[in-house]
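Peer 1: dropping a prediction and its sequence here:
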Amino acid sequence: MNTLSILSFPPLFPATKHSQIHHLHCLPSSLPFCRPKSIFSPLSFRLSFKSRRSPFSGEPQLSDADEEELEEEDDDDDDDDDDDYEAADEYEEYGGASAEDSDDIQQSEDEAEIRVDISNRHKEATSQRVERLSKLVREFGEEMIDVDALADIYDFRIDKFQRMAIEGFLRGSSVVVSAPTSSGKTLIAEAAAVATVARRRRETFGDNNVGLLTGDSAVNKDAQILVLTTEILRNMLYNSVGMSSSGNGLLHVDVIVLDEVHYLSDISRGTVWEEIVTTVANPDELAGWIGQIHGKTELVTSSWRPVPLTWHFSTKTSLLPLLNEKGTQMNRMLSLNQLQIAASEAKSYRDDGSRRRNPRRRGRNGNFGSIGSLSEQPLSKNDKNMIRRSHVPQVVDTLWHLKAKDMLPAIWFIFDRRGCDAAVQYVEDCSLLDDCEMSEVELALKRFRLQYPDAVRETAVKGLMRGAAAHHAGCLPLWKSFIEELFQRGLVKVVFATETLAAGINMPARTAVISSLSKRTSNGRIQLSPNELLQMAGRAGRRGIDEKGHVVVLQTPYEGAEECCKVLFSGVEPLVSQFTASYGMVLNLLGGAKVTRRLNESDENNALQARRTLDEARKLVEQSFGNYLGSNVLLAAKEELAKIQKEIEALTYEISDDAIDRKSRKLLSDVAYKEIADLQEELRAEKRLRTELRRRMELKRFSALKLLLNEFENGHLPFICLQYKDSEGIENFVPAVYLGKVESLDGSKLKTMVNSDDTFALSSVGTELNAGEPDTHQDIEPTYYVALGSDNSWYLFTEKWIKTVYRTGFPDVALTHGDALPRQIMRALLDKEEMQWDKLADSELGGLWFAEGSLETWSWSLNVPVLSSLSESDDVLHVSQEYTESIEHYKEQRNKVARLKKKIARTEGFREYKKILDTARFTEEKIKRLQARSNHLINRMERIEPSGWKEFLRISNIIHETRALDINSHVIFPLGETAAAIRGENELWLAMVLRNKLLLELKPAQLAAVCASLVSEGIKVRAWKNNNYIYEASSTVLNVVSLLDEQRNSFLELQEKHEVAIPCCLDSQFSGMVEAWASGLSWRELMMDCAMDEGDLARLLRRTIDLLAQIPKLPDIDPLLQKNAAAASDVMDRPPISELAG
C-alpha cells in the first residue's frame, strides 16, 4: 500500500513574519522532506500525508474499522459488507440522491461501473467545472467550497476514502491517506490544489498557472501550482526561516503534497524525505509524529483495492494459482513434493513411453526415486534445487501462457539490465502485435526518429516491432518515455523492466510478472522485502479497464512457491527513519551573520532569527521521525524486552544443574538419588571424553585431507562430496569436482578476495594428539579450497566440509591438441566474472561459501556424477591409518555413552527423574521462543533508535575545524556560505573543490570534466561487454584531479578523526567522456563502441550539468569560474541530453 501526505495552510490570512500557517497539504509531486516545526519558527506548519496503507489511531482516527461510525445517521446497516471494501462503501449519492440509494451500490463495482449517467451531467470538461467553481467562490465567498463542490468537478463518483480525506483538509487538518496502489490518491491532491487556488480567487490550471522546479530546470517558477523536487523544497524551507520578504521561501504557500513517501526509509534520501511514505505498515506512527510536530492530523485508511489482484505461479509447463481458494495458504499443487512427483512421472513417460512411474529411488544425490519415499525423509538443499531447476520456465513459456489467458499487457520485472535486454531478444520471434498495431508502432518510431535521431535504441527496434521492449536505467530517458507512451497506447504488450519502474511512473498493466524473489546487490544476493514485492505487484490492474489484475511469480532454481508465500504472508515492513545530519543542514541551521559583509539592522535581525543555538538545533533534530518512534515504539519495546529477559533468567535458573539436583533430591529416595547422581556424573565425564575424541578425529581427518588434496594439485581433477547442515537442520550432500587450493590460484580475483577480506579470516586450532602423551600438540590451520558443484555453483570451503574424496575425476587432458587443459579452463571461468559469495554454513574451522556459476560452467557441472554412481571403494580418505583408528576410538566411546544412558534408564527412580528432565526440556523450548522474540525486538530497536544528534555534533566539529562556521559565535565564513548553498552529497567537500584556485586555469570543457569526477559515484562500465574504450581525460584534467586527490585524502582523515563517513567522490574514470561531450563531440561519435550504457552516460552528463548550473548562483565564487561553468553548461545541455524526461 502507498501513502501520500498533505500539508495545508489556510491561505486567507496575510503572510507576515509572525503569521500562523496552519494548514499544509502534500500534493502528489516529487516532494521529499518536510522539516520539523522548529525549522519554520516563528512559523507554525501542519502536515498532512496521503498514505497508501495504514492502521493509525489519530486525531481524529479515520480507519477502515471505524467507517461505520462516519456514515449518515439515517443510513441502513449492511451486514453483507466485505471488509476489503470498507473504505469504498456507502457513498452519498452523487448529484443529490439519498444516502439509502447509495447503500444499494455493490462494493465489487469498480470506478468504471459506478460512473454517473452522462445524461444527468453537464457535458463540460473538468477544467470548465473547476473554473465554474472558482467563479462561484469569487462571487459568494469560500463557503461555496465543500466536499460536494469538489467532487462535482469529476464525472464519476469519488470513493469514500477520498471524500473523508477531502473533508479532513477542508476542516484545516493535515491528512495522512493510506490506500492501495492505483486507488486514486492523486485525486485528493488535485482537489486540495483546486480548493486552495479557488480560495485565492485566481485561476487554477493552464500553462501559466503550473510550474516546474528541479535541479536543472525552472519553468514558470512563480506559478500558483509548482511541481518540484524534495531538495528544492527543503532549501525553500531553510530560506523561509526568519525572512518575511524572501522570494524563495514558503510564506505564501498554502498546500504542499508529498508523494512516494517510502523514500523516508531510503538510506541515501531518507533525511530529505522525512515526511513521505509509500509502502508502509505503520502510517499510524507517521501520522502521530506529524500531529506532534504540526498539530491536528487526521488519518484516512482504506484496504479496498479498486482492481483486485490474483496471484499466479509459473512453472515450465503450467501457470497455476499461487494460493488456495480461500487465499490463506499456498496451492498444494505447487509444493516441492508435488513438483517432484510431476518430474518423476514426466521422466518415466519420456523414458518408457507410458505413464508408469520410474522404479528407481530418488536419493539425496540427485537421481529420481520412488514416490513413496517422499514422505520418509526431508529433502536436502540439493534435492530442492534439482526439483526447482527442472521446473524453471523459459521467457517464451510464461509469455505463451499470458497471451493464451488474455493477461497482456504485462510488466515483467527482472533485476538487472542485461536480463531485461536478453529477454527482449528471446521473444523477438514471438509476434504479440497484429498488422494494424505493427503499422502504428512503425509510424510512431519514424516520428520519434525524426524528432530525436540520437535517442533511438537501435538494438531494441526489432523487439519493439514485435510488441516487446526493455525499460531500465541503461536506456536514455527519452527512449524510456517513448516506450511508456507506446505501452499506454497498447502498442507494447510486454515491458521487461528493473524494479525502479515499480514506483513513480504511471504505467499500469493487466499483469505484473516477477522473475525472482531475490536480487543481487553490492552485499551479495538478498531476498525481496514484502514491501518491494507488493510495490511491484501494485502495478497490475488498470482501473476502469481490467476487472482484476494478475501477479505472476516465476519458478527459479533457488526459489519456489513456498518462498513466495513466505514473503507474501510475512506482512508489510514498518516505516523507519533514515534521518542523518549533513554539512548543509548544520550550516543552514547554525549559520548566522556572514563575515563577508556588514549587515544593516534589518538584515542583522533576520540573521539572528535564522540561526539556531546548539540547544535549539538539538530540539529540532530530536523532532525527527526516528526520535518519535524512539519515544513511543522504542519505549514499549524496551519494556517488553526487559520483561522477556527477566523471564529468561528465571527459567534458565530452573533448568540449571543445581535446580535439577534439588528437585531430584526432593522427589527421589536417598538410594535412588545417589545411584542416578553417580551415574550422571560418570555420564558427563564420558561425554566430555567423547567430545574430545570427536574433535581429535576431525583433526586427524584434517591432516589426512591436507595430504590428499596436495597430491591432487596436479594431475586429474577428482570428484568430492561436500556435507553441511542448512538453517533448518537438514543434512545436505553436494557432489562436486575439485579445482584446487585457493592459495595456488596465483593472480586470481578469488585469492585476492580471500586474502584481503577479514570475512574469510582463518585461525589455527591446537589439539592434544595422544591421550597418553598430554604434552604432544599440533596446530592445525584450515585452508580454503574451491570446487564446482553439480548444481552449477562454485563452492569455497575448508577441510571441515569435505565428506569424501574419490579417486575418479576429470582427466586433466586437452580434448584436442593445442587446447587448454580442463584445470586451466575452469580456473579461467572462475576468474572471468565478479561473483557474489554467500555463506551456507560456518564453524570454528572455517566457513562454507557458494556463488552461482555461469552458462559457461553449466556443461562442466552436468558432467559431475550423482553420488550413487560413485563407488565407496574409490573413497581415498579412509586410506589414512591414523584417521581410521581415530574413527574406531570415537565409535567405542559413543557406544560407551549409549550403554551408560541405558543403565540410567533401568534405575529405580528413573521414571520420576525423567519427568524432571522432560520439564526441563519443555522449559528449554520456551526459553528458545523467548530468545527469538528478544532478538526480534533488539533488531527492531536497532533499526529505529535515533543517532542523529551525535552525528550532528560530529559534523559541527568538522565545520568548526575547517573554519566554515564558528559554532560559538555562529559567524559563517565564505567556505561555509558556499557549502550551505550547494546541493550535493558532501556539500563541504564540493565547496572546497569549487573554491580551489586550480579550477580558474581550466577551460570550460576541462572544468566540466573535473566536475564530472565529483558526481560520478555509481556510474559503471558494462561488465558483460568488451570495454572497447572510454575517452581519456586530458593531461590538464588528470593533473588537477591528482592534486585534488591529495586534499581529499586530508579531508577524509579529518572525517575519520571525527567518526564521520560521508562519501567524498573524486573519480576521473569517466571525465574524458564528459570532456569530449563538452568539447562538442556528437552523441553518435561519443557512443560508438562505447563501454558505457547510454542511460549511464546521460545520467553522468545530467549530474555534471546540474553542478555546473549551480556554480553561477553560489555565493563568493570567482566570477571567472562562474563564467566558465555557465559556458560549459550551455554547451553540454544539447540534444539528446537537453530533452531528458526523467
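Peer 2: Looks like it arrived, so ask away.
Peer 1: show the pLDDT at residue 1110.
Peer 2: We have a pLDDT of 91 for residue 1110.
Peer 1: hang on, isn't it packed against residue 978?
Peer 2: No - when contacts are counted by Cβ atoms under 8 Å, residue 1110 is not listed as touching residue 978 (10.0 Å). Just so you know, the C-beta spots here come from the backbone N, C-alpha and C atoms, and that holds for glycine as well.
Peer 1: for the stretch 401-550 of the chain, give me the ranges with low pLDDT.
Peer 2: Residue ranges of the stretch 401-550 of the chain with pLDDT under 70: 502-506, 522-524.
Peer 1: now do the strands in it.
Peer 2: 410-413, 468-471, 494-497, 511-514, 518-521, 524-527, 549-554 (DSSP state E, counting those that start in this stretch).
Peer 1: residue 881: which of those strands is closest?
Peer 2: strand 524-527 (42.2 Å; Cβ to Cβ).
Peer 1: now the closest one, how far from the centre of its chain.
Peer 2: The chain centre lies 10 Å from the centre of strand 524-527; the measure is Cα atoms, centre = their mean, to the nearest Å.
Peer 1: and of the strands of the stretch 401-550 of the chain, who's closest to residue 177?
Peer 2: Residue 177 lies closest to strand 549-554 among the strands of the stretch 401-550 of the chain, at 21.0 Å (Cβ to Cβ).
Peer 1: helices or strands next to that closest one in the packing?
Peer 2: Contacts defined by 3 or more Cβ pairs under 8 Å, 6 or more residues apart in numbering; DSSP states H and E place strand 549-554 against strand 309-314, helix 395-404, strand 511-514.
Peer 1: could you rerun that using 6 Å?
Peer 2: strand 309-314, strand 511-514 (3 or more Cβ pairs under 6 Å, 6 or more residues apart in numbering; DSSP states H and E).
Peer 1: now distance to residue 636 and mean neighbour count too, for the strands of the stretch 401-550 of the chain, in CSV please.
Peer 2: Shown next, in CSV, are those (distance: least, Cβ to Cβ, whole Å; neighbours: other Cβ atoms under 10 Å):
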stretch, distance to residue 636, mean neighbour count
strand 410-413, 37, 27
strand 468-471, 43, 28
strand 494-497, 40, 29
strand 511-514, 35, 25
strand 518-521, 32, 14
strand 524-527, 28, 14
strand 549-554, 35, 26
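Peer 1: want to throw these into TSV with distance to residue 309?
Peer 2: Listed next are the strands of the stretch 401-550 of the chain as TSV, based on distance: least, Cβ to Cβ, whole Å:
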stretch	distance to residue 309
strand 410-413	13
strand 468-471	21
strand 494-497	18
strand 511-514	9
strand 518-521	21
strand 524-527	21
strand 549-554	5
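Peer 1: picking that back up, of the helices and strands packed on strand 549-554, which is nearest residue 935?
Peer 2: Here strand 511-514 is closest among these (Cβ to Cβ), at 29.4 Å.
Peer 1: in this protein, which helix or strand is least confident?
Peer 2: Among the helices and strands of the chain, helix 37-40 carries the lowest confidence by mean pLDDT, DSSP states H and E, at a mean of 29.
Peer 1: is residue 795 in a helix, a strand, or coil?
Peer 2: State at residue 795, reduced to three classes by DSSP: H, G, I helix; E, B strand; the rest coil: strand.
Peer 1: thought it was touching residue 850?
Peer 2: Yes - contact criterion Cβ atoms under 6 Å: residue 795 and residue 850 qualify, at 5.3 Å.
Peer 1: show me what the helix or strand harbouring residue 643 is packed up against.
Peer 2: Per DSSP states H and E: residue 643 is located in helix 633-654. Where contact means 3+ Cβ pairs under 6 Å, 6+ apart, helix 633-654 is packed against helix 910-944.
Peer 1: give me the mean pLDDT for the helix it packs on.
Peer 2: Helix 910-944 comes out at a mean pLDDT of 84.
Peer 1: what residues sit buried inside that helix?
Peer 2: 910, 912-913, 916, 920, 923, 927, 930, 934, 937, 940-941, 943-944 (16 or more other Cβ atoms under 10 Å).
Peer 1: just after it, pick out the following helix or strand.
Peer 2: Next along the chain after helix 910-944, taking DSSP H and E as the criterion, comes helix 948-961.
Peer 1: the following helix or strand past that next one vs helix 948-961, what angle?
Peer 2: Next in sequence after helix 948-961, counting helices and strands by DSSP H and E, comes helix 974-981. With axes from the mean of the first three to the mean of the last three Cα atoms, to 10 degrees defining the directions, helix 974-981 sits at 140 degrees from helix 948-961.
Peer 1: residues making contact with helix 974-981?
Peer 2: Residues outside helix 974-981 that contact it (Cβ atoms under 6 Å, 6 or more residues apart in numbering) are 583, 587-588, 591, 596, 964-965, 987-988, 991, 1114-1116.
Peer 1: and with 7 Å instead?
Peer 2: 583-584, 587-588, 591, 594, 596, 959, 962-965, 987-988, 991, 994-995, 1114-1117 (Cβ atoms under 7 Å, 6 or more residues apart in numbering).
Peer 1: continuing past it, what's the next helix or strand?
Peer 2: Downstream of helix 974-981 (by DSSP H and E), the next one is helix 987-994.
Peer 1: that next one - what's its average pLDDT?
Peer 2: pLDDT averaged over helix 987-994 gives 94.
Peer 1: just list what it packs against, helices and strands only.
Peer 2: Applying 3 or more Cβ pairs under 7 Å, 6 or more residues apart in numbering; DSSP states H and E, we find helix 987-994 packed against helix 583-590, helix 974-981, helix 1035-1057.
Peer 1: done for today, thanks.
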